[in-house]
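# With the input below, show me the fold.
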Amino acid sequence: MTDFMIWEYAKANNYTVLTFDEDFSELQNLLSYPPKIIWLRTGNVSTSEIASLLLKYEKRIEAFLTDDESGIYEIHG
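Residues are numbered from 1 along each chain as shown. This is a model prediction of the structure:
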């Protein structure tokens, strides 16, 4: 699937995109939101490190998902 197809699917189904890919940030700049984007800016890390980061930022992610004024949340690792 292309990034745009993923974008459209997420938008149609009220999903949030979790990505390492800058392209989704660029799509959001062009098309606004929804969908919301959680952008992992960590470089190459293991699945367990990703899980740890998501758990570490769980409360902030929950707040982001309910905030109607924010479309992208960046997590740096």
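# so is the spatially most central residue of the chain in a helix, a strand, or just coil?
The residue lying closest to the centre of the chain (CA atoms, centre = their mean) is Ile38, at 1.9 Å. Three-state call for Ile38 (DSSP: H, G, I helix; E, B strand; the rest coil): strand.
# do Tyr73 as well
Classified using three-state DSSP, Tyr73 is strand.
# hmm, who's touching the lowest-mean-pLDDT helix or strand in the chain?
None of the helices or strands of the chain scores lower by mean pLDDT, DSSP states H and E than helix 22-31, at a mean of 93. Contacting residues not belonging to helix 22-31 are listed as Asp3, Phe4, Ile6, Trp7, Val17, Ile37, Trp39, Gly71, Ile72 [CB atoms under 8 Å, 6 or more residues apart in numbering]. In short, each C-beta sits where N, CA and C put it, glycine included.
# Now the fourth one: closest residue in space, sequence neighbours ignored.
Setting aside the residues directly before and after it, Trp7 is nearest to Leu27 in space (CB to CB, 6 or more residues apart in numbering), at 5.3 Å.
# neighbours around that neighbour, how many?
Leu27: 20 surrounding residues under other CB atoms under 10 Å.
# ok now do Phe4, which residues does it touch?
Leu27.
# Could I get the pLDDT score of the residue nearest to Tyr73 when sequence neighbours are not counted?
Leaving aside its sequence neighbours, Tyr73 sits nearest to Phe64 (CB to CB, 6+ apart; 4.3 Å). We note a pLDDT of 98 for Phe64 in this prediction.
# and what of Leu55?
97.
# so which strand or helix has it?
Here Leu55, judged by DSSP states H and E, is contained in helix 47-56.
# Which elements pack onto the helix or strand following that helix?
Once helix 47-56 ends, the next helix or strand along the chain (criterion: DSSP H and E) is helix 58-66. Here helix 58-66 touches strand 72-76, going by 3 or more CB pairs under 8 Å, 6 or more residues apart in numbering; DSSP states H and E.
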